[in-house]
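> Could you look at this predicted model? Sequence included:
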Amino acid sequence: MKKFTAVQDVANVDALVQEALYLKSNPFKYKHFGENKTLGLIFLNPSLRTRLSTQKAAINLGMNVIVMNLDKEGWALETQEGAIMNGSTVEHIKEAAAVMGEYCDIIGIRSFPKLQNREEDYSEELLQQFIDFSKTPIVSLESATRHPLQSLADMLTITENVPAGKKPKVVLSWAPHIKPIPQCVANSFAEWMGQADVELVITHPEGYELAEEFTKGATITTNQQEALEGADFVYVKNWSSYTQYGQVLTAGEGWMLTEEKLQATNSAKVMHCLPVRRNVELSDEILDGPNSLVLAQANNRTYAAQAVLKRMLEAL
Amino acid sequence: MKKFTAVQDVANVDALVQEALYLKSNPFKYKHFGENKTLGLIFLNPSLRTRLSTQKAAINLGMNVIVMNLDKEGWALETQEGAIMNGSTVEHIKEAAAVMGEYCDIIGIRSFPKLQNREEDYSEELLQQFIDFSKTPIVSLESATRHPLQSLADMLTITENVPAGKKPKVVLSWAPHIKPIPQCVANSFAEWMGQADVELVITHPEGYELAEEFTKGATITTNQQEALEGADFVYVKNWSSYTQYGQVLTAGEGWMLTEEKLQATNSAKVMHCLPVRRNVELSDEILDGPNSLVLAQANNRTYAAQAVLKRMLEAL
Amino acid sequence: MKKFTAVQDVANVDALVQEALYLKSNPFKYKHFGENKTLGLIFLNPSLRTRLSTQKAAINLGMNVIVMNLDKEGWALETQEGAIMNGSTVEHIKEAAAVMGEYCDIIGIRSFPKLQNREEDYSEELLQQFIDFSKTPIVSLESATRHPLQSLADMLTITENVPAGKKPKVVLSWAPHIKPIPQCVANSFAEWMGQADVELVITHPEGYELAEEFTKGATITTNQQEALEGADFVYVKNWSSYTQYGQVLTAGEGWMLTEEKLQATNSAKVMHCLPVRRNVELSDEILDGPNSLVLAQANNRTYAAQAVLKRMLEAL
């Protein structure tokens, strides 16, 4: 595997899921794989789970890890071709990516969208430039439009909890939030579920339609109650508007998932990528109750990353 | 050992001191102990000695170490049960601690008191919540009211320097400072000395009485000169007022320890946990002279941490 | 080797260059050398290449690495002898350096000049105090007046690219920049080239003369075109004025290196230590063309550092 930025980069999704679950049972079996190999983790935005789990995954494979917080260190990157760099950017991504590619065998990079200009964000320019200029395998640690390691971890978690002998109904349910949030987790989850043997329903208030390229094959409804009926999994997540780009269109009253709403489901397991705003997106009773899978998802982040890194090490 | 937050967590203080001194002579003997084990170090406040020495202790035991500076990364934690999280906190400690507990085998955490509300600080809510929610052994790297790794290192240092055949006189002497400083180092030192075979005298200006739970068995006086008479060790430290909580009550003129004051002692060794304000808390002549143990104390931080981590690894 | 702060610290420059090139071909051959040894990297200023390459060099030698960003963590160091520390500095360098020396077997330190007071910057007080107080081998990761690891990497790069059978002409060519930049890279490059079998020409606008102690043996001219004639290597670099200390004296119109200017050279290879301001210091066409060595220089940073660390490990 030369890059991991979207489900399209995975030749066989099911095989990757199975490998990740195998690694979960045998985390240190491939500790020699990463010997003398260096993973560089570049964060242009803060990270808790992603940083810890990816670092742990690399360590489990015997790799060295070097973390760089580019946001914190005033190292503003220029991305414009042909720029006359007499302003605030201190280094062009051409050099920065190429140099990091020289020091690292694999690079992971996190960069959030600015949520100001949809075309710009959805072009994934920074991620693409890192792929082009670093000449090194690149793992997305969340980009402007996708969060593939999260989605792979979500897929592991669903695989581990799917009711026997049934094609599960999976509902992606929009939730309120006080701030404009990227669409990447929702985009990515929809895209990965499109590759899985599930029935996917997406529910959100009007105006929160995701880009069609991600939701192919899903049923989409603005009626949350209808969506929840008979659900086996409910994935709760806020995102800002794609059509009125980056806007918060509604306070979302009534959209928080509660125990009462869960009554309509098939004792659905509840998922969230974290961090979660308690009693805004999801009620305490659900998060503290037996149906919550949020910690299992976070735990599976390690094995999702480990499977991806192992594939990349194999292809070096 | 499941937690290390106070001397009360140690079944046999003397045995732990002896183990730490053994590890000082044989730092790499147990390098296999920590194989494939991860120590997570969480700093909500800055750290120099604690971070370096604890990292070194873990490396000596073969552990992997992941450091998280939560203060720097805008990851404000919610600690209130039942909070509706529509404000500035981005994640509840329930999730943050649980997730870190999934990625780490042992967690170290540093968090200073705010020095605004005594009841709040002395409840040690954050530390307690990490213990409750992480489900992982917790090492305090300094909490609101105690600094047990420092105290254990201090105990090693006293053990190494105790005059032969004598129960030493140990004086904890308040010193001036320009800022309000927590009581934790003083609390902790008093508490640990209460478990040692020493005569403990605490001296400070009026209004700087420590909480009684920490000073049991100690002689307390506001007469510094009397306290210093015949002392074998003088531990110099500033703290803000406990009774008028968090206040600086006096500039402390005359309380700085000087060579002249040391004349009254039994050639006392002088201790300080560092960082020290030179010529405010302690004079240059003492810090640069033969009686200073401050560097020996700092060095012993490594072996204090290593003994504690070894005990925790044994109990995993 | 007990310290590496300038070319004068190297007994045999050519042997060190050869060792670095050997390590480049055999990066993991000495992985046992650094076992149980700790390298502490202290940054009082930001770093990308230096941090990554030095960390990688240490890992290649099997060392543990602990990174401290002292600039970010509000740990302001006092450097004045006899200071009464009742101000903003929290720890004296005497203690800070000594404590870090206790935890680390080798210390690397980066500290930029303030460019306000020439005498102060050129005294290299901070670096010298770390050498004095840490009692540990010190590697300069760039100091107020020199950047020796960069210069050693530059020397490797020239050695790898020197035209056969010819004493190469090396030109250090001043370039425009929008900010006042230290003289350290230029000083250091001139000083190291003074030890090499090359013809060194330095060209810059009037008022940008470097201190003579660094430029001994070089031809110095304000005529860039003349300097470039027949050059085999052109090292492009901005620096602020040494004589009118820290000042930007000119916008430097006409001093940017372009493809057209390269015509006068002997198909010169172009060098820069990075980060580079594209189309201000150097044109895109050169940086993206076949004559650029800037990525090769960055890559050689790893092996420069590895050779230095290996020598220090041998001398422990």
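Arrived safely. Computed from a prediction, not measured in an experiment: that's the story for all the values here. Numbers count the residues shown, from 1 in each chain, chains lettered A, B, ... in the order given.
> Can you give me the pLDDT of the residue of chain A found nearest chain C?
Closest residue of chain A to chain C, C-beta to the nearest C-beta: residue A:91 (3.6 Å). C-betas here are computed from N, CA, C, even on glycine. Reported pLDDT at residue A:91 in the predicted model: 93.
> Excluding covalently adjacent residues, which one is nearest to it?
residue C:275 (3.6 Å; C-beta to C-beta, 6 or more residues apart in numbering or on different chains).
> check contacts around that neighbour.
By C-beta atoms under 8 Å, 6 or more residues apart in numbering or on different chains, residue C:275 lies in contact with A:90-91, A:95-96, C:48.
> If we only consider those, which is nearest to chain B?
Of those, the one sitting nearest to chain B (C-beta to the nearest C-beta) turns out to be residue C:48, at 18.1 Å.
> Tell me how many other residues surround that closest one.
21 (other C-beta atoms under 10 Å in any protein chain shown).
> Would you check that my belief about it contacting residue A:76 is correct?
No. Using C-beta atoms under 8 Å as the test, residue C:48 is too far from residue A:76 to be in contact (11.8 Å).
> joint contacts of the two?
Counting by C-beta under 8 Å, 6+ apart, the residues touching both residue C:48 and residue A:76 are residue A:91.
> circling back to that earlier point, if you look at the contacts of residue C:275, which of them are in helices?
Taking DSSP state H as the definition of helices, these contribute A:95-96.
> which of the contacts of residue C:275 has the most neighbours?
residue A:96 (26 neighbours).
> so who does it touch?
A:75, A:77, C:48, C:275.
> starting at the chain centroid, how far to stretch A:256-266?
25 Å (C-alpha atoms, centre = their mean, to the nearest Å).
> Name the residues of that stretch that are buried.
A:256-257, A:261-262, A:265-266 (16 or more other C-beta atoms under 10 Å in any protein chain shown).
> so of those, which ones are in helices?
Short answer: the buried residues of stretch A:256-266 in helices (DSSP H) are A:261-262.
> Could you identify the most distant pair in the buried residues of stretch A:256-266?
The span of those, defined through C-beta to C-beta, is set by A:256 and A:266 at 20.5 Å.
> Between the two ends of stretch A:130-147, what distance do you get?
16 Å (C-alpha to C-alpha, to the nearest Å).
> so who does whatever residue of the stretch 101-250 of chain A ends up closest to chain B touch?
Nearest residue of the stretch 101-250 of chain A to chain B (C-beta to the nearest C-beta) works out as residue A:178 at 5.1 Å. Counting by C-beta under 8 Å, 6+ apart, residue A:178 makes contact with A:277, A:280, B:86-87.
> how far away is it from residue A:121?
Distance of residue A:178 to residue A:121, given as C-beta to C-beta, to the nearest Å: 21 Å.
> correct me, but residue A:274 touches residue A:300?
No. Using C-beta under 8 Å as the test, residue A:274 is too far from residue A:300 to be in contact (12.0 Å).
> more neighbours, the two?
The residue with more neighbours, out of residue A:274 and residue A:300, is residue A:300; 27 against 20, by other C-beta under 10 Å.
> State the helix or strand in which the more buried one lies.
Applying DSSP states H and E as the criterion places residue A:300 in helix A:294-315.
> Now that helix - C-alpha only, CSV.
Output of helix A:294-315 as CSV, limited to C-alpha atoms (Å, rounded to 0.1, in the frame of the first residue of the first chain):
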residue,chain,number,x,y,z
VAL,A,294,-17.3,4.6,21.8
LEU,A,295,-14.4,3.2,23.9
ALA,A,296,-14.3,0.1,21.8
GLN,A,297,-14.0,2.3,18.7
ALA,A,298,-11.1,4.3,20.2
ASN,A,299,-9.3,1.1,21.2
ASN,A,300,-9.7,-0.3,17.6
ARG,A,301,-7.9,2.8,16.3
THR,A,302,-4.6,1.2,17.3
TYR,A,303,-5.3,-2.0,15.3
ALA,A,304,-6.6,-0.1,12.3
ALA,A,305,-3.4,1.9,12.2
GLN,A,306,-1.3,-1.2,12.8
ALA,A,307,-2.9,-3.0,9.8
VAL,A,308,-2.3,-0.1,7.5
LEU,A,309,1.3,0.4,8.7
LYS,A,310,2.0,-3.3,8.3
ARG,A,311,0.8,-3.2,4.7
MET,A,312,2.9,-0.2,4.0
LEU,A,313,6.0,-1.8,5.5
GLU,A,314,5.4,-4.8,3.4
ALA,A,315,5.4,-2.6,0.3
